[in-house]
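In: One predicted model, sequence on top.
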Amino acid sequence: MKVAEPLLEVKNIETYYGLIAGIRGVSLEVRGGSIVTILGANGAGKTTVLKTISGAMTPEKGSVCYAGKDITGRDPDRITRLGIAHVPEGREVFPFLSTEENLKMGAFTRKNSTVNLELDRIFEYFPLLREQRKLPAGFLSGGQQQMLAIGRALMLRPQLMLLDEPSLGLSPKLVHATAEIIKSINQDQGVTVLLVEQNAQMALEIAHFGYILENGRVVLEDSTSRLSKATDVQEFYLGKKASSVRGKRRWKQRKTWR
Amino acid sequence: METFFQLLISGIAQGCVYGLVALGFVLIYKATEMVNFAQGDMMMLGAFFTITLINDLNWEYFPAIIAAILAMGVVGLFLERVLFRRMIGESPFAVLMVTIGLGYVLRSVAGMIWGHNPLSIETPYTDIRLHFGTVVLPAADVVVVAATVVLCALTYLFFRYTRFGVAMQATSQNQLAAYYAGIPVKRVVAASWALAAAIAAIAGILLIPLKSAYPEVGLVLGIKAFAAAIVGGFGSLPGAMIGGLVIGLVEIFTKYGIDGRVGFSVSDTSVYVLILVMLIVRPSGIFTSTQRKKV
Ligand SMILES: Nc1ncnc2c1ncn2[C@@H]1O[C@H](COP(=O)(O)OP(=O)(O)O)[C@@H](O)[C@H]1O
Ligand SMILES: [Mg+2]
């Protein structure tokens, strides 16, 4: 049986902040149409992986291939043009532009004719944004800015969406809403998603495949159904208590993958 | 009273030139966080381009100024490409030294080509005086003000309503997000340099009938325009224009007094005092945007 090429293929990338290693050899694959998640503690290197894929950082070693093309080290705006939309962490909006102008900037790479159609589609997803369309984005609430950032990325009509901790700082209700939106983007629009999360529960629920990152390396990769059952993941990422036998030996407990 | 109006209009005209050069400072600062101390010298270069086209090549006034403006736009693109693109990410001090050095180079090259005697041109409005009741105003002043108003309106429309203009705003507000939106940030930055240089050329063209041109004309003027940008908050385009007007008016009225009798004859000093006061009292300028820019 012939296996289809993955849409995104990251091979052994190492990326540095000056002399500090952000990631030390990460490989991963994202198949077209799937949701893949990268989990890991703060500082594990998740953001650095996304930045290297989208071209904001150039890896010292390794390569990034998208749809069979080597895109390692290209400028981020050129990578965006290929259909990769990166929603960075921290709700990056254009604070003095209106909500609507922010969204329209997301379609900068496309011809004008379809932009208004697209705008309506986004407003259906995020009705709150329609109400605030004339308001400068700097005045939106944190949750609304996150929705705006996702909406702006959708304006690109991307094939692949990189989402960096979209649920960070949102209320449980909004986290749920965000999860639903990501699922719908994937199922209804056919957008492939690479989702970085610290909220492992949410991510494991909606993703098909997951990578666990620690200290700049992938330490575990599997389908999310199996990952959710792995005791280490349950313990360290889902916060579930280990069984009583192990509980007694907690002081010498180690993650099995080390 | 007539004198007051004449002083007023000539202060405003001079202020417009400061404001236009300040506009260049702010445009480049917003796009790249660099302060281009050669901005005044770029104005000087634009003035000399025009003079050469008209006096030596016998071009008509309007084709000549359009060619000079375009030529300076190309110079701006060229400088960005060979010089300032390499300076991205360097320390502000290094950038400062490069722009100061560029200013020296432009002045000495201009000195070699055009000499050190002030040059001027015949404009269609040279020696025309406009009468408004009892007030007589030199057309040169009125033209500067009118041209600046038109230019500001065009600039406003460009930034507000064109796709590329909004993209330039977006890039200055959040460069990373601009990249991720697919905005060609490098082209936006190059366009900012071209625009700043073209506006400097316009300032130079408007200045010739007021002051005539010589290689050092941009040096002191550049410092005053820098002051205008500071007064305006160094991040705001309207602020830069208003800052320019403030500097122009302060300068003329401290020089001549309200009624034309010699005031304190401290004209130049007053501008520097104003900069110092501004930096002490409101270091962020009058028109400060409330949010820090993200890079
Ligand atoms: N701007 C930076 N300068 C220096 N080191 C950085 C910078 N950003 C991240 N790092 C380092 O790179 C590593 C990975 O960071 P990051 O990719 O942001 O992790 P995550 O997104 O998983 O929290 C961290 O150990 C951090 O110390
Ligand atoms: Mg992160």
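Out: Perfect, thanks for sending it. Numbers count the residues shown, from 1 in each chain, chains lettered A, B, ... in the order given. Ligands and ions are numbered 1, 2, ... in the order given.

In: where are the low-confidence patches of the stretch 101-250 of chain A?
Out: Applying pLDDT under 70 to the stretch 101-250 of chain A flags the ranges A:238-250.

In: Which stretches in the chain count as helices?
Out: In the absence of a named chain, this looks at chain A. For chain A, applying DSSP state H gives helices covering A:46-54, A:76-81, A:99-106, A:115-125, A:127-131, A:142-155, A:172-188, A:200-206, A:224-229, A:231-236, A:244-248.

In: Chain B was what I was after
Out: B:2-32, B:39-51, B:61-82, B:92-114, B:139-161, B:163-173, B:175-180, B:185-211, B:217-231, B:237-256, B:267-281.

In: Most tightly packed of these?
Out: Ranked by mean neighbour count, the helices of chain B are led by helix B:39-51 with a mean of 28 (mean count of other C-beta atoms under 10 Å in any protein chain shown). All C-beta atoms are positioned from the backbone trio N, CA, C, and that covers glycine.

In: Make TSV out of the helices of chain A and add distance to B:A213.
Out: What follows is the helices of chain A, written out as TSV (distance: least, C-beta to C-beta, whole Å):
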stretch	distance to B:A213
helix A:46-54	48
helix A:76-81	40
helix A:99-106	41
helix A:115-125	46
helix A:127-131	53
helix A:142-155	47
helix A:172-188	59
helix A:200-206	65
helix A:224-229	71
helix A:231-236	72
helix A:244-248	84
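
In: center of chain A, which residue is that?
Out: In chain A, the centroid-proximal residue (C-alpha atoms, centre = their mean) is A:L163; its distance is 2.4 Å.

In: What's opposite that one in the beta bridge?
Out: A:V87, A:L195 (DSSP bridges).

In: State the distance from it to chain B.
Out: To chain B, A:L163 is 12 Å away according to C-beta to the nearest C-beta, to the nearest Å.

In: Help me confirm that that residue comes into contact with A:L195.
Out: Yes. Using C-beta atoms under 8 Å, A:L163 is in contact with A:L195, at 4.9 Å.

In: hey, what's in contact with both of those two?
Out: A:I182 (C-beta atoms under 8 Å, 6 or more residues apart in numbering or on different chains).

In: Mind putting the helices of chain A into JSON lines with mean neighbour count and distance to B:A225?
Out: Conversion of those to JSON lines gives the following (neighbours: other C-beta atoms under 10 Å in any protein chain shown; distance: least, C-beta to C-beta, whole Å):
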{"stretch": "helix A:46-54", "mean neighbour count": "25", "distance to B:A225": "38"}
{"stretch": "helix A:76-81", "mean neighbour count": "21", "distance to B:A225": "32"}
{"stretch": "helix A:99-106", "mean neighbour count": "25", "distance to B:A225": "30"}
{"stretch": "helix A:115-125", "mean neighbour count": "15", "distance to B:A225": "38"}
{"stretch": "helix A:127-131", "mean neighbour count": "14", "distance to B:A225": "41"}
{"stretch": "helix A:142-155", "mean neighbour count": "24", "distance to B:A225": "36"}
{"stretch": "helix A:172-188", "mean neighbour count": "16", "distance to B:A225": "48"}
{"stretch": "helix A:200-206", "mean neighbour count": "19", "distance to B:A225": "53"}
{"stretch": "helix A:224-229", "mean neighbour count": "16", "distance to B:A225": "60"}
{"stretch": "helix A:231-236", "mean neighbour count": "17", "distance to B:A225": "59"}
{"stretch": "helix A:244-248", "mean neighbour count": "9", "distance to B:A225": "72"}
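
In: Much appreciated, bye for now.
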